[in-house]
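Q: Provided below for reference: sequence and predicted model.
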Amino acid sequence: MTTAAPALSLTDRASYDHAVEQALAASAAYYGDGDTTLDDASYDVLARGIAAYELAHPDHVRADSPTGKVSGGVGDVAHTVAMLSLDNVFDAEGLVKWDASLARRIDHPVEGGYAVEPKLDGAAMAARYRDGRLVQLVGRGNGTHGEDLSHAIGSIIGLPAQVPGGATVEIRGEVLLTRDQFEKANEIRAAHHAKVFSNPRNGTAGTLRAKDRPYTIKTTFFAYGALELDGAGFLTGTSHEAVMSQVAALGVQTTSATDIGLRVYATLAQAQARVEEIQQLRPELPFGIDGVVIKANDYAEQQAAGFGTRHPHWAIAYKLPPVEAQTKLLAVEWNIGRTGHIAPRAVLEPVEVDGSTVTYATLHNPAFIRNSDLKVGDTVLLYKAGDIIPRVEAPVVTLRTGEETDIVLPEACPGCGGDIDKSGERWECAGGASGGCGKIPSLRYAVGRDQLDIDGLGVTYLEALVEAGLVDDVADLFFLTREQLAEATGSDKRADSLLVQLAKAKKQPLSRVFCALGVVRTGRTLSREIARHFGTMDAIRAATADELAEVNKLPGANAPKIAAHVATLGPVIDKLAKAGVNMVEPAADDADTVSKPLAGETVVVTGGMHGPLAGRNRNEMNELIERAAGTASSSVSKKTTILVAGEGAGSKLAKAEQLGTRVLTEDEFAALVADYLA
Ligand SMILES: NC(=O)c1ccc[n+]([C@@H]2O[C@H](COP(=O)([O-])OP(=O)(O)OC[C@H]3O[C@@H](n4cnc5c(N)ncnc54)[C@H](O)[C@@H]3O)[C@@H](O)[C@H]2O)c1
Ligand SMILES: [Zn+2]
């Protein structure tokens, strides 16, 4: 599959010194703010060049050389056991060599099998549980000491604050931003005028380090190891697999929650086959991986193999092709993008990344261009993984020739030629939703949770569909074929689930269908009132301004505007009807949020979920609450109206009791939302 990556050939001491300094600077940036200007593959070439030179010139080795060390942030929390990196191989041949050296170290071929799991691309973290409570988070740091990241407790999905059985144990794993979390994080950052994250790994590092932000960015944890803490004797398993099941039983997320979770194979050939399988699945994964980790499964064999200064001998990272590359920025185009803003797009010298050829990438907004000092003609770092929109991360300033030119910012809206609203970080068409400029925002509104509720049809896919000329208005969505959806979303699986969602959306009550049209001066409530008042779409279309004005509380000037807009929407409504979208408001009230069991309730969940709620993580519990029309919250306050107390509920339960909040057991809560459990 992948070919062995080349090493840089360093011929003299000066070039060696230069390479070490370059690597140190890149490393400091990589583990610091995450804004290195070297892509990982180039860094690896550099690092291997350094290692090769050192092998040939042992007397020249610098004390600060990155070889043989774990690099990372600085911290002062001593690790229980050194937190190391992993050695790499790049192909099947490399894996066979690693296996042979492992066999030499343990004096016989591996007998306890090979554990194969994804190499998650985030930040390493040790999570310490004492007496069942999550008490401390520690970053990898330099391997012996890590940074205290405990302030992130509560914002990491998959790391419960409380585990059953009063366990005392240290769990190690990777914190990352899933693709959804990454998109969301950048939306939040844009709204707060903060710099966008250039890739999920860098976003994870930045998020973990940040302390006093006015907003919270959720991350996700997957465990891949555990250690004894305080000699508690919690870990009884004698293999990686057995220990990981112990971890999963605590309710901590492990990779078995994914399609590419831990599997153990008797032979290396089977492990190699699994690597290839995981590589196939990579584009569909909800998070980024940069390789596959293969470990001797048996603890006795691990112990016999032992550790080097930088990595254990019993594990190896099989690197997959990089998701970063360098290419040239040829030009910048300006388009109306996400939420109607005017978005700069990079036109690139085509480059192959993550199995596809990239020609365009996002440049986010004018502020990004200004802050990154990007110029046309620059060599740039590009990131592209799975379904994330390719993005330019930074210019490689050291490669400038002097021929580069400044990027010209637009004077007029590229959509309609009108004025640009430059008051925010993102520039917007001053003409708002009128003209072609509002297409994406109105589609986004139409598929939103309170309208057609088409889950999974995010702005990225909407943009792809609009750009491909397949979708011009909401009705066009219902005529998309599986192939078109697969092409736009990059996945057959996603296309299938969107088809299911679209079929479901056709049955939405008129109030939602009407709301999805985004008629001026109407929102959720008024759409519901109009739908109930008239009963059918035909009746709404036939209504005069005076008849519309009869609908509850409609201020005078609004009715004619609504009527006029509905008239211009005639062709879209006809297309919706042709697609089989429901045009009638059901007589019963079942479409009404108010009738749902958690309407008006603010619900906090604490402790581990069992019984009918077993296996639901916090995120899924929150979705359940929202499906039943409640508001999910993570902390108990005066606003909380219900606390669901699962096993091991602690401080939140105490607080709820103190505040007199209604407390429900898991079973009581499950009964309350029984209709929404599916
Ligand atoms: N671009 C740059 O400037 C730059 C600078 C420094 C390092 N780097 C990159 O970082 C790499 C080296 O960094 P590193 O030392 O952090 O190594 P690494 O990140 O490649 O591998 C070790 C890490 O893998 C993680 N991991 C993920 N899944 C795992 C699993 N299932 N089991 C065990 N561990 C798992 C752990 O966090 C562990 O610390 C280089 O190869 C290079 O690509 C890049
Ligand atoms: Zn415009």
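A: Ah, there it is. Ligands and ions are numbered 1, 2, ... in the order given.
Q: If we go by neighbour counts, what in stretch 313-328 is buried?
A: Neighbour-count burial for stretch 313-328, counted by 16 or more other Cβ atoms under 10 Å, picks out 313-328. C-beta: built from backbone N, CA, C; applies to glycine.
Q: what two of those are the furthest from one another?
A: The largest separation in those, counting by Cβ to Cβ, is between Trp314 and Lys328 at 42.8 Å.
Q: Check for me that Thr309 belongs to a strand.
A: No. Under the criterion used here (DSSP: H, G, I helix; E, B strand; the rest coil), Thr309 is coil, not part of a strand.
Q: surely it meets Thr67?
A: No. Counting by Cβ atoms under 8 Å, Thr309 sits too far from Thr67 to count as a contact (9.3 Å).
Q: which residues of the stretch 351-500 of the chain fall in strands?
A: Assignment of strands within the stretch 351-500 of the chain using DSSP state E, counting those that start in this stretch yields the ranges 356-362, 375-376, 379-383, 391-395, 405-406, 420-421, 427-429.
Q: cool, and the stretch 151-300 of the chain?
A: 156-157, 169-176, 219-228, 263-265, 289-296.
Q: will you turn the ones you listed into JSON lines that also has distance to ligand 2 and mean pLDDT?
A: Below are the strands of the stretch 151-300 of the chain laid out as JSON lines (distance: least, Cβ to the ion, whole Å; pLDDT from 0 to 100):
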{"stretch": "strand 156-157", "distance to ligand 2": "39", "mean pLDDT": "96"}
{"stretch": "strand 169-176", "distance to ligand 2": "37", "mean pLDDT": "98"}
{"stretch": "strand 219-228", "distance to ligand 2": "36", "mean pLDDT": "97"}
{"stretch": "strand 263-265", "distance to ligand 2": "52", "mean pLDDT": "97"}
{"stretch": "strand 289-296", "distance to ligand 2": "40", "mean pLDDT": "97"}
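Q: Can you lay out these as JSON lines showing distance to ligand 1 and mean neighbour count?
A: Shown next, in JSON lines, are these (distance: least, Cβ to the nearest ligand atom, whole Å; neighbours: other Cβ atoms under 10 Å):
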{"stretch": "strand 156-157", "distance to ligand 1": "15", "mean neighbour count": "21"}
{"stretch": "strand 169-176", "distance to ligand 1": "5", "mean neighbour count": "25"}
{"stretch": "strand 219-228", "distance to ligand 1": "4", "mean neighbour count": "22"}
{"stretch": "strand 263-265", "distance to ligand 1": "12", "mean neighbour count": "19"}
{"stretch": "strand 289-296", "distance to ligand 1": "4", "mean neighbour count": "25"}
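Q: Can you give the distance of stretch 21-34 from its chain's centre?
A: 24 Å (Cα atoms, centre = their mean, to the nearest Å).
Q: what's that stretch in contact with?
A: 35-38, 43, 46-47, 50, 64, 66, 71-73, 197-199, 201-203, 205-206 (Cβ atoms under 8 Å, 6 or more residues apart in numbering).
Q: re earlier: now tabulate the strands of the stretch 151-300 of the chain in JSON lines and tack on distance to Val96.
A: Formatted as JSON lines, these follow (distance: least, Cβ to Cβ, whole Å):
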{"stretch": "strand 156-157", "distance to Val96": "37"}
{"stretch": "strand 169-176", "distance to Val96": "26"}
{"stretch": "strand 219-228", "distance to Val96": "23"}
{"stretch": "strand 263-265", "distance to Val96": "14"}
{"stretch": "strand 289-296", "distance to Val96": "11"}
